[in-house]
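S.K.: Got a sequence here, can you model it:
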Amino acid sequence: MFSYCADPDTLGTFRWFSCYLTNGVHMSFYLSFIKVLALLAITAPVALAFGFAGAMSARSHVLPVSWLGKGYIAIVRGVPDIAFFLFFVIALDQAFEWTRHQILCPDWTDPIRQGNDFLVCSQAKLPLGTSPEWVHQTYGFFLAVVTFAIVFGAFAGNVLFGGMRAVPHAQLETAEAYGMSRRQTFWRILVPQMWVYALPGLSNLWMVLIKATPLLFLLGVEDIVYWARELGGTKTSKFTAYPHGDWRMWYFLFLLVFYLAFTRVSEIALERLMQKLSHGQATTGGEAQRKEAVA
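M.R.: Numbering: from 1, shown residues only. Model (predicted):
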């Protein structure tokens with residue numbers, strides 16, 4: 001906040017906007033962009049780990065493990081994202097509180113489930129009622145990361161499973177003929193080559209994950225959609241020092257530009273990664289690179 005912002009009613013247009021866009025509430029709006037980027041930075045590798053574990057399980061020769069991997073991929077992919085987010089976050093939160101309740105309040109005699117209410121002792125609440133606001137926000141963000149990772153991990157698992165099956169089987173047989181064990185064949189032959197087949201699907205999944213970040217709003221996290229709606233709504237002098245009309249269109253237009261720019265940068269980075277992975281591979285991309293080198 002600038003020093004001349006003490007009396008907004010005396011400001012010209014430029015100074016009014018400079019004060020309006022740098023007040024404390026707008027700083028929370030700008031911070032919410034960091035939340036979105038942090039969600040993507042954390043969720044993407046965690047979801048990839050879930051997906052890799054699911055794909056490995058689906059390929060397992062042990063039937064129960066294979067059923068578990070295929071079931072995870074099929075069930076999570078078959079449930080609408082919004083329905084899964086709204087259900088799973090509540091279920092996960094209650095599971096944490098129920099576990100803490102059993103440990104911290106063993107003498108509790110009342111039923112935990114009372115009709116539609118889920119009641120645990122105050123010590124088992126997550127977060128505690130006395131916790132500061134940042135703890136509540138961090139806990140909500142943690143639940144969001146876990147939920148996003150499980151949902152998109154199932155899609156990543158399906159993509160990776162397809163990428164593993166796309167690797168020519170003759171190469172795996174050749175590795176075994178050279179005396180490699182099944183584990184060595186998997187990590188030295190299959191995994192390094194599967195990425196070039198899986199990356200197009202993973203690239204699409206990354207774009208979908210970017211577009212799904214506004215679902216944070218449904219999970220109670222104060223994300224960019226929440227603040228755009230709050231700040232853009234009509235404000236009068238009774239509620240703010242910077243009254244204005246309905247500016248939601250402009251705020252959401254800014255979000256549109258942000259997402260388009262972010263996805264464009266992602267496309268460029270993923271295209272370069274695809275070119276690097278295709279180098280020397282017996283794929284369409286690798287063959288095109290060889291022809292270019294000869295020409």
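S.K.: Can you list the buried residues in stretch 180-194?
M.R.: Along stretch 180-194, these residues count as buried under the neighbour rule (16 or more other C-beta atoms under 10 Å): 180, 185-186, 189-191, 193-194. Quick note: C-beta positions are derived from backbone N, CA and C, even for glycine.
S.K.: could you dump the residues you listed to CSV with secondary structure?
M.R.: Shown next, in CSV, are these (DSSP: H, G, I helix; E, B strand; the rest coil):
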residue, secondary structure
180, coil
185, helix
186, helix
189, helix
190, helix
191, helix
193, helix
194, helix
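S.K.: For the stretch 1-150 of the chain, just list every one of the helices.
M.R.: Listed in chain order, the helices found in the stretch 1-150 of the chain under DSSP state H, counting those that start in this stretch are 13-20, 24-59, 63-78, 81-104, 133-166.
S.K.: Does residue 105 touch residue 119 like I think?
M.R.: No. Under the contact definition of C-beta atoms under 8 Å, residue 105 does not touch residue 119, with a separation of 11.0 Å.
S.K.: Look up how far residue 63 lies from residue 259.
M.R.: Using C-beta to C-beta, to the nearest Å, one gets 43 Å for the distance from residue 259 to residue 63.
S.K.: I misspoke; the intended subject was residue 263.
M.R.: Going from residue 263 to residue 63 by C-beta to C-beta gives 41 Å.
S.K.: Under the pLDDT cut-off, which ranges of the chain? List them.
M.R.: Counting by pLDDT under 70, the low-confidence segments of the chain come to 1-4, 6, 8-11, 236-239, 278-295.
S.K.: Okay, buried residues for stretch 50-69 please.
M.R.: Under the neighbour-count criterion of 16+ other C-beta under 10 Å, stretch 50-69 has 50-59, 69 buried.
S.K.: what about that stretch, how long is it end to end?
M.R.: Criterion C-alpha to C-alpha, to the nearest Å; first-to-last residue distance in stretch 50-69 is 10 Å.
S.K.: can you tell me which residues contact the closest residue to residue 84 other than its chain neighbours?
M.R.: Spatially, and ignoring its direct neighbours in sequence, residue 84 is nearest to residue 151 (5.8 Å; C-beta to C-beta, 6 or more residues apart in numbering). If you count contacts by C-beta atoms under 8 Å, 6 or more residues apart in numbering, residue 151 has them with 47, 76, 81, 84-85.
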